[in-house]
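Q: Output the structure for:
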Amino acid sequence: MAFTHEEVAFLAAHTDDIAAATADLTFSRASLLEDAAALRARFGDFGRAVAELAQARRSAGANGKFPADWVTDLDAAQQATPQVVAAQRAARLRRVLGGDALVHDVTCSVGTEGASISGAYLGSDLDPVRLAMARHNLGPGAWLVRADATRPVSRGVDAVIADPARRAGGRRITHPDQLLPPLPELLDAWCGTELAVKCAPGLDFSEWEGLVSLVSVDGGVKEACLYTPGLSEGTRREALIITGGHVDRLSDALPDEVGAGDPGRYLIDPDGAVVRAGLVRHYAAREGLWMLDERIAYLTGDTIPAGRSGFPIEEIVPLKKLKAALAGRDIGSLEILVRGVDVDPDALRKKLRLRGTRAGAVVCTRIGTQGVAIVCGPREHKN
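A: Numbering: from 1, shown residues only. Purely as a prediction, here's the structure:
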């Protein structure tokens, strides 16, 4: 639920008390009613807002989105960008535009992007309560104004950042012109200005003329960002793989002359950002890997790339013979990966009825015209 101005003012003025009062609360499904009642007893009419803030802080903190003392509601916390991702965007803007560039964040919400911008920053949003939270989070000197993202209130800015809503009616939006506000309206409103537009990773970016940057954090794909050509640094597709704070950048500037061949020692499942960016071949060429099938985004090779994981290949069998192939291997727990074939991992796990003591993995995929199961040992990590 959204906060009122009075609730934001109370939350901002009592951050220490709220932290102390909620430190031992779990907000689990079993304790939620009891925790909420305890906060109402302590904070009166503001108890509901305190409970939502505490849950939002835990959610955002676990995902590296906000400092611990920020004020945010649950909706803002769910859509907000992790700080490590916002920092990479800010770094690109500094590289391309210079450190003193003026950046206008036209959907600033509670201020996530502003915390990473080192130059001049203007934040605007239609929601006055979100602006009140942003003023607390960014400090009283922050330059903030209420405005519609598609009705410019600034002139001469060096770049615009936008984060349109990615859901409507509880469903994910699947095309850029269905974003809220729609991408075409943003482009028209800011014609002639460089843009960085955050989007959900699964959108159709085929018609975008600038850079599409896919970003993952610790194995999970977090967002796509569309950059206009002036911010692209000469590339069209990019994957940023952020693991434990380390950033690995892969772009279509790398060679992609990789074909398919016989299985190597390991099967490698590329990071989701690499797959969604369409850079599987570029990644394979860089790491000395090759494909099992030129249409499927699994790779193979004799070593695991540094910082990644892979599966030691033991046997490749037709899908129908998987149960027989697993017999006698004493496998009781199985990691199942599926790509390119119609297999439900949960249904397959039940069908196999594993009873052993060893861990293993199976990759259900397609090589040529045949659906196959690649029986592997457990996942191995390489530092």
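
Q: Please enumerate the helices of the stretch 201-350 of the chain.
A: Listed in chain order, the helices of the stretch 201-350 of the chain (DSSP state H, counting those that start in this stretch) span 272-276, 280-287, 322-326, 345-352.

Q: what's the burial count for A91?
A: Other residues within reach of A91 by the criterion other CB atoms under 10 Å amount to 13. (Each C-beta comes from the backbone N, C-alpha and C, glycine too.)

Q: Name the SS class of it, please.
A: helix (DSSP: H, G, I helix; E, B strand; the rest coil).

Q: Begin at 63, not 1, for the rest of this chat.
A: Understood, numbering begins at 63; the last thing we discussed is A153.

Q: mind checking pLDDT for it?
A: Among the per-residue scores, A153 shows a pLDDT of 96.

Q: Figure out how far the strand or helix carrying D78 is from the centre of its chain.
A: Taking DSSP states H and E as the criterion, D78 maps to helix 77-84. For helix 77-84, the distance between its averaged C-alpha position and the chain's averaged C-alpha position is 29 Å (CA atoms, centre = their mean, to the nearest Å).

Q: Could you list which residues are in contact with D250?
A: Going by CB atoms under 8 Å, 6 or more residues apart in numbering, D250 touches T212.

Q: buried residues in whichever strand or helix holds it?
A: In this assignment (DSSP H and E), D250 forms part of helix 245-251. Within helix 245-251, the residues scored as buried using 16 or more other CB atoms under 10 Å are 245, 247-249, 251.

Q: Could you count how many residues lie near the closest residue to R104 other than its chain neighbours?
A: With CB to CB, 6 or more residues apart in numbering as the measure, A83 is the residue that lies nearest to R104, at 5.8 Å, once sequence neighbours are left out. Residues near A83, counting by other CB under 10 Å, number 17.

Q: can I assume A83 is in contact with F105?
A: Yes: here A83 reaches F105: they are 7.5 Å apart, a contact under CB atoms under 8 Å.

Q: Which SSE is immediately downstream of the helix or strand of the chain with the lowest mean pLDDT?
A: Lowest by mean pLDDT, DSSP states H and E among the helices and strands of the chain is strand 229-230, with a mean of 65. Towards the C-terminus, the helix or strand next in line after strand 229-230, according to DSSP H and E, is strand 233-234.

Q: Need the mean per-residue confidence for that next one.
A: Predicted confidence along strand 233-234 averages 72 (mean pLDDT).

Q: can you check stretch 368-383 too?
A: Confidence for stretch 368-383, expressed as mean pLDDT, is 96.

Q: can you pull the contacts of the nearest residue to A182 once chain neighbours are set aside?
A: Closest residue to A182 apart from its sequence neighbours, by CB to CB, 6+ apart: L164 at 4.2 Å. L164 makes contact with 181-184, 218-220, according to CB under 8 Å, 6+ apart.

Q: Perfect, I'm done here.
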